[in-house]
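Asks: Predicted structure and sequence below. I'll ask about it afterward.
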Amino acid sequence: MTETVTLGKALNHGLRRALENDPKVLIMGEDVGKLGGVFRITDGLQKDFGENRVIDTPLAESGIIGTAIGLAIRGYRPVCEIQFDGFVFPAFDQIVSQVSKMHYRSLGKVRLPIVIRIPFGGGIGAVEHHSESPEAYFSHTPGLKVVSCSNPSDAYHMIQQSIVSDDPVVFFEPKRRYWEKGPVDLAGTPDLPLHTARVVQEGTDATVVAYGPMVRTALEAAQAAAEDGRRIEVIDLRTLSPLDLGPVHESVRKTGRCVVVHEAPGNLGLGAEVAARVTEECFYSLEAPVLRVTGFDVPYPAARVEEEYLPDLDRVLDAVDRSFGW
């Protein structure tokens, strides 16, 4: 049964399916119950599953994650919502010191099947602390799995795959794509394992690698480049830790050029890691250096100038043009 739904509604459907399939699944976070979350991702779930399974918590991110750790040890599968990306840092200690290490600390005897949902990125005209891209912090932390969906179909399937995983998963949701629609097979099964990249558009002249909110930007750039006769291959990473770079290496060996795009600042970002690994594996296939198109190395700006900060179609096309100029 295929429906055309928004990315936000696809997440809602995925969470509902997870609650139906496993009574040990819980949802917890600030305003996730009665209100349905600030983005209404959990709308209607408390009404249908009750206050003991969809839990409104105090405004205390450290407490949310700490409580989830205890629940996970007792056999539950908590799904924690961090209301906005910039609010995750009070919980940072719990995530990197406890969630990521419990499996190792217990010599494999204890697992923490926790999903930490984080709306991330800019583009919604929000105030300070509401438009961060903190994915590199968590991708750098051994013991955590980190993923990011970019479209409704992946959102629906990936949230369910994350919940059934025995590993803790940090699940980044591109908040400015919440209202974009796409087809979702609500009765189907995932076409890819969770930690797998996807070629979303094939091409022969250059490879553009992106994830989360930048996948659509990369596709728009590829469409514009096609008007000039260039065929760009676009790859959606989907998984940030572990990185699945097999499809990227295969693509770069074909195209000889690679551009990596993300909203987060460039310094020590995911793009640097992708560039390093592509260079290591595909050095003799490269016709130009691997280039990055990222946010700037400054705190996220005020909303009225955020479009000057965020990578856009023109900046991606400029990088592609530069890769042909070497």
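Replies: That came in fine, so what should we check first? This structure is a prediction, so every number in the text was calculated from the model and none was measured.
Asks: What about the residue nearest to residue 125 when sequence neighbours are not counted, how many residues nearby?
Replies: Among residues not flanking residue 125 along the chain, residue 303 sits closest, at 4.2 Å (C-beta to C-beta, 6 or more residues apart in numbering). All C-beta atoms are positioned from the backbone trio N, CA, C, and that covers glycine. The number of residues packed near residue 303 is 16, by other C-beta atoms under 10 Å.
Asks: so what pLDDT did residue 303 get?
Replies: We have a pLDDT of 92 for residue 303.
Asks: Let me see the contact set for it.
Replies: 125-127, 131 (C-beta atoms under 8 Å, 6 or more residues apart in numbering).
Asks: Out of the residues you listed, which sit inside helices?
Replies: The members of the contacts of residue 303 all map outside helices under DSSP state H.
Asks: from those residues, which would you call buried?
Replies: The neighbour count (16 or more other C-beta atoms under 10 Å) marks 126, 131 as buried among the contacts of residue 303.
Asks: May I see the contacts of residue 303 organised as a markdown table, with distance to residue 151 and pLDDT added?
Replies: Formatted as a markdown table, the contacts of residue 303 follow (distance: C-beta to C-beta, whole Å; pLDDT from 0 to 100):
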| residue | distance to residue 151 | pLDDT |
| --- | --- | --- |
| 125 | 22 | 95 |
| 126 | 22 | 95 |
| 127 | 27 | 93 |
| 131 | 21 | 97 |
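Asks: between the contacts of residue 303, which is closest to residue 104?
Replies: Residue 104 lies nearest to residue 131 out of the contacts of residue 303, by C-beta to C-beta, at 33.3 Å.
Asks: Name the residues of the helix or strand harbouring residue 248 that come out as buried.
Replies: Remark: residue 248 resides in helix 246-255, with elements defined by DSSP states H and E. Across helix 246-255, burial judged by 16+ other C-beta under 10 Å covers 247-252, 255.
Asks: Which two among those residues are spaced furthest apart?
Replies: The distance between the two most remote of the buried residues of helix 246-255 (C-beta to C-beta) is 12.2 Å, for 247 and 255.
Asks: partners of the nearest residue to residue 29 once chain neighbours are set aside in the sheet?
Replies: Sequence neighbours aside, residue 81 is the residue nearest to residue 29 in space, at 3.2 Å (criterion: C-beta to C-beta, 6+ apart). Per DSSP bridges, residues listed as beta-bridge partners of residue 81: residue 29, residue 117.
Asks: contacting residues for residue 81?
Replies: 27-30, 32, 37, 41-42, 117.
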